[in-house]
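J.: 3D, please:
(2 chains)
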2 protein chains.
Amino acid sequence: MIAAVEAIARLGAALGGDPAAELAAAALVEADVLGQPRFGIAMLDEWRPDAQPLPKETEPRAVRWVDASACFAPVAVAGATLDLGLAAHQFGVAAVFLRGVRGFGRLAPFVRHLADDGLVGLAGAQSAPFVAPFGGTGPAIGTNPLALAMGTGAERVVIDLATASITIAELRKARAEGTPLPEGAGLDAAGQPTTTAAEVAALLPRDGKAGSLLGLVVELLAGVAGGGRGDPAGRGVFLLAFDPAAAEGDIGWRDRLAALQGDWTGGGGHWPKGGGLPEGATLDAGFAERLDAFLARMA
Amino acid sequence: MIAAVEAIARLGAALGGDPAAELAAAALVEADVLGQPRFGIAMLDEWRPDAQPLPKETEPRAVRWVDASACFAPVAVAGATLDLGLAAHQFGVAAVFLRGVRGFGRLAPFVRHLADDGLVGLAGAQSAPFVAPFGGTGPAIGTNPLALAMGTGAERVVIDLATASITIAELRKARAEGTPLPEGAGLDAAGQPTTTAAEVAALLPRDGKAGSLLGLVVELLAGVAGGGRGDPAGRGVFLLAFDPAAAEGDIGWRDRLAALQGDWTGGGGHWPKGGGLPEGATLDAGFAERLDAFLARMA
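T.: Sure thing, here's the model as predicted:
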């Protein structure tokens, strides 16, 4: 057994010990704590000793396009998040488009970091085509999550919305275990519905047309505007942040957020919090052994 | 009968004759051409002789918050769109949050204008709470459309996605005509499903959880970050634009857009074009009379 905070400290040090390394370590360990090990330290499989830091900007800019293919992806996304926060405070709005990003885990910890910094954080990630358009028969876009975070404390909101019916991780698990998929999740190579994981050639979008068009929005931003689509080195990721403190005069956004939360939960809605590390969280001996093995390889 | 271009020219002149007036006039007349008269020149009902122009910025900024409650809303949104385009070319990314916006019609013509200008345009609008959260029983957010446009010519994409099951205009029409609503569109005051338009106290989100959370994203941006929520003078609207030409080196976004269009339609998807004014479009005598009446009142 190991305390999550200790795992984060050890992994952060192994990744370089700077703030980007620490944010990346926290994001990965959190996924394991939340029971999503395929988005956790399993990402270290892709760590390589020659991984480069994210290219530094020569001057502050409101928007950047960055090739992250030489980087370890979780650290690249974390570094881009930290740079973005500085730019958003300076310009009031800022964006970064990353391309060549390999597996980096969940978006939620990164947009949450922006929220902790007083910003509104938005992010999306595209990946190789495996999701069919609404009403379609073959793959066109990735599973394309969109995330947003703002606020702190009890009013915090963290939305992390996949636009495919199931995740690739869930599909792989069903393939490995031979379990059936839910109805409406997959299509076979002929474009016909199937619940047999081994036959799946495309996933269907989540929740019909809304999920399909939202997935297209993410593809257009992260894949087209960001230049990530079709890059064999990895996926496209965009991050965007606003600073509400840049408004002239107080727009009272924290009070409005609390009021919206009240109306949303009062109307029977679930207020999404997007995970987070519970205080005092621990991980089991199996995790500790896997972490030790990764750290030994990285040393 | 009147040609759409003539209607736009006459209305644009009556609204002030500047580029914002012309864009607003084109947006309204287009809705009538597309058979959506409740988003068309009917908006002129809210025009008042003391309408003010959108406040000018004293210096160029990447992000602005603007109170538009003293403006005629379609001209305010058009003016904000034009200012935003200039800022996006200057900073690479720019955003504007409007509050106190009354009825302004459809978002599509405004984001399309940004696309014509070589930008990626995104916009969303919130309104008074009338849509329940997914799984909920009472209203919490507005009907909250989200729009995105990029590209020109055959590859152009214009997404204009409502996040409620039906529009307020459709609900009003069903109420006026006594026709039933589709199943799953509305809830009564007790939070129970109803298809009787007169009983509807809340609409349901479009397409389940995806539509619900996307509506929440729009509310958080346009209503909370933008300060528009709860303003009795009108709704909150945000507009955001990126300039892909700000990337160092060519990211080839136009080729990537064409390739995505091919994959999307090849996979059986519908490539959304978001309306637009067909060449040589005309409007009937009833429209021409209504326009004349509005113009006479405005003169």
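J.: could you check how far residue A:176 is from chain B?
T.: 27 Å (CB to the nearest CB, to the nearest Å). Quick note: C-beta positions are derived from backbone N, CA and C, even for glycine.
J.: how close does residue A:77 get to residue A:9?
T.: To residue A:9, residue A:77 is 20 Å away according to CB to CB, to the nearest Å.
J.: more neighbours, the two?
T.: Between residue A:77 and residue A:9, counting by other CB atoms under 10 Å in any protein chain shown, residue A:77 is the more crowded of the two (28 against 16).
J.: quick check: that one touching residue A:102?
T.: No. Residue A:77 is beyond contact range of residue A:102, at 10.3 Å (criterion: CB atoms under 8 Å).
J.: residue in the stretch 101-250 of chain A nearest to chain B?
T.: residue A:133 (2.5 Å; CB to the nearest CB).
J.: how about the residue in the stretch 151-299 of chain A that chain B sits nearest to, what does it touch?
T.: Distances between the stretch 151-299 of chain A and chain B by CB to the nearest CB are smallest at residue A:269, namely 2.5 Å. For residue A:269, the contact set (CB atoms under 8 Å, 6 or more residues apart in numbering or on different chains) comprises B:132-136, B:140, B:212.
J.: next one, pLDDT for it please.
T.: pLDDT for residue A:269: 97.
J.: repeat that for the one 4 residues further on.
T.: Residue A:273 is assigned a predicted lDDT (pLDDT) of 91.
J.: now for the closest residue to it other than its chain neighbours, how many residues are close by?
T.: Leaving out its chain neighbours, the residue that sits closest to residue A:273 by CB to CB, 6 or more residues apart in numbering or on different chains is residue A:158, at 5.7 Å. Residues near residue A:158, counting by other CB under 10 Å, number 22.
J.: how near is residue A:158 to residue A:148?
T.: In terms of CB to CB, residue A:158 sits 7 Å off from residue A:148.
J.: for residue A:56, same thing?
T.: Applying CB to CB to residue A:56 and residue A:148 gives a distance of 27 Å.
J.: got a list of what the residue nearest the centre of chain A touches?
T.: A centroid search over chain A (CA atoms, centre = their mean) returns residue A:107, at 1.9 Å, as the residue closest to the centre. Residue A:107 is in contact with A:123-125, A:145-147, A:160, counting by CB under 8 Å, 6+ apart.
J.: which residues touch residue A:210?
T.: B:161, B:163, B:206-208, B:210-211, B:214.
J.: next step: the residues you listed restricted to helices.
T.: Counting by DSSP state H, the contacts of residue A:210 place B:208, B:210-211, B:214 in helices.
J.: what's the burial count for the spatially closest residue to residue A:19 that is not a sequence neighbour?
T.: Distances taken as CB to CB, 6+ apart put residue A:82 closest to residue A:19, at 5.8 Å, once the chain neighbours are dropped. Residue A:82: 18 surrounding residues under other CB under 10 Å.
J.: A helix includes residue A:82, no?
T.: Yes. Residue A:82 forms part of a helix when assessed by DSSP: H, G, I helix; E, B strand; the rest coil.
J.: check which helix or strand covers residue A:103.
T.: Residue A:103 belongs to no helix or strand when assigned by DSSP states H and E.
J.: neighbours of it, how many?
T.: Other residues close to residue A:103 by other CB under 10 Å number 16.
J.: for it, which non-adjacent residue is closest in space?
T.: Nearest non-adjacent residue to residue A:103 (CB to CB, 6+ apart): residue A:43, at 5.3 Å.
J.: report pLDDT for that neighbour.
T.: According to the model, residue A:43 carries a pLDDT of 96.
J.: which of the contacts of residue A:210 are buried, as a PyMOL select command?
T.: Restricted to buried positions by 16 or more other CB atoms under 10 Å in any protein chain shown, the PyMOL selection for those reads:
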select buried, chain B and resi 161+163+206+207+208+210+211+214
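J.: coming back round to it: excluding chain neighbours, what is closest to the residue of the stretch 151-299 of chain A closest to chain B?
T.: residue B:133 (2.5 Å).
J.: so that neighbour, which of the three states?
T.: coil.
J.: related to what we said a few turns ago, for the contacts of residue A:269, give me CSV that also has pLDDT, distance to residue B:289 and neighbour count.
T.: Shown next, in CSV, are these (pLDDT from 0 to 100; distance: CB to CB, whole Å; neighbours: other CB atoms under 10 Å in any protein chain shown):
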residue, pLDDT, distance to residue B:289, neighbour count
B:132, 98, 40, 28
B:133, 98, 43, 27
B:134, 97, 44, 20
B:135, 96, 47, 14
B:136, 97, 44, 22
B:140, 98, 41, 26
B:212, 98, 42, 29
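J.: what's the residue of the stretch 101-250 of chain A closest to chain B sitting at in phi/psi?
T.: In terms of degrees, to the nearest 10, the main-chain angles of residue A:133 are phi -70, psi 160.
J.: TSV for the ones in helices among the contacts of residue A:210, including pLDDT and distance to residue B:19?
T.: TSV is the format used below for those (pLDDT from 0 to 100; distance: CB to CB, whole Å):
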residue	pLDDT	distance to residue B:19
B:208	95	41
B:210	96	37
B:211	97	35
B:214	97	31
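J.: what about the helices in chain A?
T.: A:4-14, A:19-33, A:73-91, A:108-116, A:168-177, A:208-218, A:253-266, A:285-298.
J.: give the buried residues for the lowest-mean-pLDDT helix or strand in chain A.
T.: Lowest by mean pLDDT, DSSP states H and E among the helices and strands of chain A is helix A:168-177, with a mean of 93. By neighbour count on 16+ other CB under 10 Å, the buried set for helix A:168-177 is A:168, A:170-171, A:174.
J.: need those residues in TSV with distance to chain B, can you?
T.: Putting those into TSV (distance: CB to the nearest CB, whole Å) gives the following:
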residue	distance to chain B
A:168	17
A:170	16
A:171	18
A:174	21
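J.: from those, which is closest to residue A:273?
T.: Of all the buried residues of helix A:168-177, residue A:273 sits closest to residue A:170, with 21.4 Å by CB to CB.
J.: which residues of the stretch 51-200 of chain A lie near chain B?
T.: Contacts of the stretch 51-200 of chain A with chain B, taken as CB under 8 Å from any CB of the partner chain, map to A:61-63, A:65, A:91-95, A:97, A:99, A:120, A:129, A:132-141, A:146, A:148, A:150, A:157, A:159, A:161, A:163, A:191.
J.: about what we covered before: tally up the residues packed near the closest residue to the residue nearest to the centre of chain A other than its chain neighbours, please.
T.: Spatial nearest neighbour of residue A:107, excluding adjacent residues (CB to CB, 6+ apart): residue A:147 at 3.8 Å. Neighbour count for residue A:147, taken as other CB under 10 Å: 25.
J.: hang on, the earlier thing: quickly note the distance from the residue nearest to residue A:103 to residue A:75.
T.: 10 Å.
J.: these two: who's more crowded?
T.: residue A:75 (27 against 21).
J.: thought that one was touching residue A:22?
T.: No. Between residue A:75 and residue A:22 there is no contact, the gap being 9.8 Å when judged by CB under 8 Å.
J.: just the pLDDT at the closest residue to residue A:298 other than its chain neighbours, thanks.
T.: Closest residue to residue A:298 apart from its sequence neighbours, by CB to CB, 6+ apart: residue A:14 at 4.8 Å. In this model, residue A:14 is scored at 97, pLDDT.
J.: give the contact list for residue A:14.
T.: Residue A:14 makes contact with A:21, A:294-295, A:298-299 under the criterion CB under 8 Å, 6+ apart.
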